[in-house]
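Asks: A structural model of the following input is requested.
(2 chains)
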Amino acid sequence: MRRLFGVLLAAVVLFAVVSSGCISPGGEEKVTVTFLSTQLNPPEERAFVQEDLLKGFTSDTNIEVNFVPISYTDMVTRLEGEMQTGKVTIDVIGDLHGGMDYMSSKGWLEDLSTMPKLEGRTFISTFEQYSYIRGQKAYVPWMSATYVMVVNKEAFQYLPEGLTEEDVMKGTDKWTYDALLQWAKNLKEAKGQPELGFPAGPKGLFVRFLHGYIYPSYTGYQAKEFDSPEAVEMWDYLKELWPYVHPSSTTWDAMADPLLKGEVLIAWDHTARIKNAIETKPDQFVVVPVPRGPKGRGFIVVLAGLAIPKGAPHKDEAWKLIDYLTKPDTQVKVLEKVGFFPTVEEASGKLPEGPLKILAEGVQAQASTEDALVVMIPNLGDKGGQFKEYYKQAFERIVLNNEDPATVTKEIKPDLIKLFEDVGVPVP
Amino acid sequence: MKRRSLVPYLLILPAFAYLLFFVGYPLVQALYLAFTQNGALSLEVWRRTFSDYYFWSAFKYTILLAGIIVPTQVALAVVLALLMNRVFKGKDAALYALIIPLTISDVAAGLIWYSMLSPYGFINKLLMNLGLISQPIYVFGYEYRMREFFAIVIAELWRSTAIVFVIILAGLQMISKEYIEAAEVFGASYWTRLRRIVLPLLKPSIQSALIIRTLFAMQIFGIVWILAGRDIPVLAGEGYYQLTEIKDAGVASVYALVIAGLSILLGALYIKFLRAEYLEVGE
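Replies: Residues are numbered from 1 along each chain as shown, chains lettered A, B, ... in the order given. Prediction:
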């Protein structure tokens, strides 16, 4: 008994020593790259990164990666501290465009134009342009996401006169917000109930539709023309549209379920939040560009990039990680698992037929419409919540409580503009 | 001798340490967040909270919900407890059925009622199959806030009446049969016995049940969040929303303090006005 115990103890100690890395079996020293990311933080996505995505990198290159999911505020605080003390421990940063812009303006990021070329991939040109900030190559485009419309094919039977299925699928000039209103009216008449849905619940992303889609489509700006006559016209439009929007919209956080249950036939949402519906019933749904307004077709592109902080301890290994994460194969894998879209053109050729292709094609169609008015989410740090709150409030007061749009927008605008002034970001 | 006098203190020490750490520390933190602005003493956070678009409606709805749910619940529980306090066939089964909702969390209860009341849920399907309605009845959505409100009331009654029922039934079973028998001898009717003996003796139980339920009603959140989202704002929900979505820890702290203040005030009122009367007063 005692002997068995002794053997077990020895085995445990040996295992601990080997697995802790004190004695590595290969004999060569392993480098560990520290990778801070504000993206892919939810538990499921985190598990995919740690147990699947980065394992592939480690087995290819023998470089370990310490993946640290972190909030934007914490990351900036940590980086600032490291920059001030000169003891940089972070090798790679993964964050949204706005965050990169801020860090680059502080001079914390390495100029990546001196690094070796990444072979075998072409970055989508808009993304490539955005990644140059103030003449410096601040980051490498990593993943993108957007919000689109999903249409149940059944709805095409009720298209308004003069609008064809192709107009909607390709996003032609005829596919306007007025056409959407007429379509929604037809649907309600035919079906007896509203068939258009938005994720306007407390955790839903409807607010992105307000500031990033319909506001720029009508006024040309997200916040600058918040109380202009064009904005008032936009609010009047929304008021007119709302009776044809499913009344449960204010309790929905994501549209996949209502689409699958057949509660709505047309919905707008984030690509990641409708992915499930398309995967479950790929024959039933198509993804289409959003409609256009008088000033163009406003839509949000969420762009995440990878950067290397100045003075990073393992610059070359960091570049290898960036190389791996932007390979077309890796990008396809990310799309399949977490629904973020590739930033390199070659990846779309590697997509299998099926639901993901439906999504990717819709996104592609939206991005390549001629009147595209690309919008980035303003980078307000922890004031971002307050920013969204103002749009939600305006919506609740004007559309749901029937208050006067001109009065409400005039009332809210100074607070909204002050938010940008406080943070020191230009008003978009 | 000296060592002995230390024992009681040592005994409450763990509980005290627990309270200090899990209640005291967050409370101090909340007070700090609520009364300072950039490190200096200020009432700016309170101003921000009171001018918040949702604050007063959250306050109103919280009180309104508590005002409707708690009394209904207590009345319902008393009736049920009186019914269950006699011997009949199948009593055990009935008791289990009544207590089952006690084991379900508020979020789960919210989800159960949501799926039952949703346009394509069980109740609508039943009514449609019976031919009573041709279109589903909408319960959820901003324009149906009254319906959402009643859905919350029903779900909350269903879920949390059981706890009141258990407390009152226990109180009922503690009442000595002798009083009732004595009253019967003197010819008191059922109603007289109920009014003059049972209810006064039940007062301590009713008081505990009321305090517990009112305090929980001030924190009502999960069920509202699931059934109505922010269509019906409540204090706890707004606190959560401020912290997680708007990321304003100061305003969230004010919401928490308002809930705490309300709870303390109501608890004190109950204790003052519902002081239990005892039939036998000691020397």
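
Asks: Contacts only, for residue A:393.
Replies: A:412, B:53 (C-beta atoms under 8 Å, 6 or more residues apart in numbering or on different chains). Backbone N, C-alpha and C define where each C-beta goes, glycine included.

Asks: residue of the stretch 1-150 of chain B with the smallest distance to chain A?
Replies: At 3.4 Å from chain A, residue B:141 is the closest residue in the stretch 1-150 of chain B, using C-beta to the nearest C-beta.

Asks: Local confidence estimate at the closest residue to that residue other than its chain neighbours?
Replies: Among residues not flanking residue B:141 along the chain, residue A:247 sits closest, at 3.4 Å (C-beta to C-beta, 6 or more residues apart in numbering or on different chains). Per-residue confidence at residue A:247 stands at 92 (pLDDT).

Asks: phi, psi of residue A:247?
Replies: Main-chain torsions, residue A:247, degrees, to the nearest 10: phi -60, psi -20.

Asks: The residue of the stretch 1-150 of chain B closest to chain A contacts residue A:245, doesn't it?
Replies: No: the pair residue B:141 / residue A:245 is not scored as a contact, 9.5 Å apart, by C-beta atoms under 8 Å.

Asks: give me every residue that touches the residue nearest to residue B:141.
Replies: A:194, B:138, B:140, B:141, B:142, B:143, B:144.

Asks: before we move on, what about residue B:259?
Replies: Here residue B:259 is in contact with B:218, B:219, B:235, B:236, B:239 (C-beta under 8 Å, 6+ apart).

Asks: which one of the residues you listed is nearest residue A:230?
Replies: Of all these, residue A:230 sits closest to residue B:239, with 36.8 Å by C-beta to C-beta.

Asks: Please tell me how far residue A:107 sits from residue A:80.
Replies: In this view, residue A:107 and residue A:80 are 11 Å apart by C-beta to C-beta, to the nearest Å.

Asks: Look at the two and report which has more neighbours.
Replies: More neighbours surround residue A:80 than the other of residue A:107 and residue A:80, with 13 against 9 (other C-beta atoms under 10 Å in any protein chain shown).

Asks: Buried ones in stretch A:187-194, by neighbour count?
Replies: A:187, A:188, A:193, A:194 (16 or more other C-beta atoms under 10 Å in any protein chain shown).

Asks: count of neighbours near residue A:197?
Replies: Neighbour tally, residue A:197, other C-beta under 10 Å: 24.

Asks: What of residue A:219?
Replies: 24.

Asks: list the contacts for it?
Replies: Neighbouring residues of residue A:219 by C-beta under 8 Å, 6+ apart: A:225, A:226, A:228, A:230, A:231, A:234, A:295.

Asks: wait, residue A:163 sits on residue A:178?
Replies: No: with contact defined as C-beta under 8 Å, residue A:163 does not reach residue A:178; the gap is 10.0 Å.

Asks: Considering only helices and strands, which part of chain A has the lowest mean pLDDT?
Replies: Sorting the helices and strands of chain A by mean pLDDT, DSSP states H and E puts helix A:2-20 at the bottom, at a mean of 61.

Asks: How about exporting the lowest-mean-pLDDT helix or strand in chain B as PDB, limited to the C-alpha atoms?
Replies: In chain B, no helix or strand scores lower on mean pLDDT, DSSP H and E than helix B:2-19, which sits at a mean of 86. The C-alpha coordinates for helix B:2-19 follow below in PDB (Å, rounded to 0.1, in the frame of the first residue of the first chain):
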ATOM      1  CA  LYS B   2     -11.900  36.100  31.400                       C
ATOM      2  CA  ARG B   3     -11.600  33.500  28.800                       C
ATOM      3  CA  ARG B   4     -15.300  32.500  29.200                       C
ATOM      4  CA  SER B   5     -16.500  36.000  28.500                       C
ATOM      5  CA  LEU B   6     -14.600  36.000  25.200                       C
ATOM      6  CA  VAL B   7     -16.500  32.900  23.900                       C
ATOM      7  CA  PRO B   8     -19.700  34.700  22.700                       C
ATOM      8  CA  TYR B   9     -17.600  37.200  20.700                       C
ATOM      9  CA  LEU B  10     -15.500  34.400  19.200                       C
ATOM     10  CA  LEU B  11     -18.700  32.700  18.200                       C
ATOM     11  CA  ILE B  12     -20.200  35.600  16.300                       C
ATOM     12  CA  LEU B  13     -16.800  36.500  14.800                       C
ATOM     13  CA  PRO B  14     -17.200  34.400  11.600                       C
ATOM     14  CA  ALA B  15     -20.600  35.800  10.900                       C
ATOM     15  CA  PHE B  16     -19.400  39.300  11.600                       C
ATOM     16  CA  ALA B  17     -16.400  38.900   9.400                       C
ATOM     17  CA  TYR B  18     -18.700  37.500   6.700                       C
ATOM     18  CA  LEU B  19     -21.100  40.400   6.900                       C
END
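
Asks: what's the offset of it from the middle of its chain?
Replies: 32 Å (C-alpha atoms, centre = their mean, to the nearest Å).

Asks: Stretch A:381-391 now?
Replies: On C-alpha atoms, centre = their mean, the centre of stretch A:381-391 falls 17 Å from the chain's centre.

Asks: Near chain A, which residues of chain B? Just list them.
Replies: B:53, B:118-120, B:135-136, B:138, B:140-144, B:225, B:227-231, B:241, B:245-248 (C-beta under 8 Å from any C-beta of the partner chain).

Asks: Quick check: residues of chain A near chain B?
Replies: So chain A meets chain B at A:192-193, A:201-203, A:246-251, A:253, A:261-263, A:382-386, A:388-389, A:393, A:396-397, A:400 (C-beta under 8 Å from any C-beta).

Asks: So residue A:151 belongs to a strand, correct?
Replies: Yes: assessed with DSSP: H, G, I helix; E, B strand; the rest coil, residue A:151 lies in a strand.

Asks: So it is in contact with residue A:265, correct?
Replies: Yes: if you go by C-beta under 8 Å, residue A:151 and residue A:265 touch, sitting 7.0 Å apart.

Asks: what about the closest residue to chain B within the stretch 251-400 of chain A, is that helix, strand or coil?
Replies: Nearest residue of the stretch 251-400 of chain A to chain B: residue A:385, at 3.7 Å (C-beta to the nearest C-beta). Recorded secondary structure, residue A:385: helix (three-state DSSP).

Asks: Near it, how many other residues are there?
Replies: 17.

Asks: Grab the nearest non-local neighbour of it.
Replies: Closest to residue A:385 by C-beta to C-beta, 6+ apart is residue B:246, at 3.7 Å.

Asks: Touching, the one you found and residue A:387? I think so.
Replies: No: with contacts counted by C-beta under 8 Å, residue B:246 stays clear of residue A:387, the gap being 9.3 Å.

Asks: At which residues are the strands of the stretch 301-428 of chain A located?
Replies: A:372-375 (DSSP state E, counting those that start in this stretch).

Asks: what residue ranges in chain A score low on pLDDT?
Replies: Within chain A, the segments meeting pLDDT under 70 span A:1-28.

Asks: mind running it again at 50?
Replies: A:21-22, A:24-27 (pLDDT under 50).

Asks: got it, and chain B?
Replies: B:1, B:280-283.

Asks: What are the contacting residues of the helix or strand that contains residue B:126?
Replies: Taking DSSP states H and E as the definition, one finds residue B:126 inside helix B:122-129. For helix B:122-129, contacts defined as C-beta under 8 Å, 6+ apart pick out B:115, B:116, B:117, B:118, B:133, B:134, B:136, B:137.

Asks: What about the third one, how many residues nearby?
Replies: The reference is to residue B:117. Other residues close to residue B:117 by other C-beta under 10 Å number 23.

Asks: how about it, what does it touch?
Replies: B:123, B:124, B:139, B:140, B:151.

Asks: how about it, phi and psi?
Replies: phi -100, psi -10.

Asks: next one: the second one
Replies: Main-chain torsions, residue B:116, degrees, to the nearest 10: phi -80, psi -40.

Asks: wait, residue A:121 sits on residue A:344?
Replies: Yes: contact criterion C-beta under 8 Å: residue A:121 and residue A:344 qualify, at 4.1 Å.
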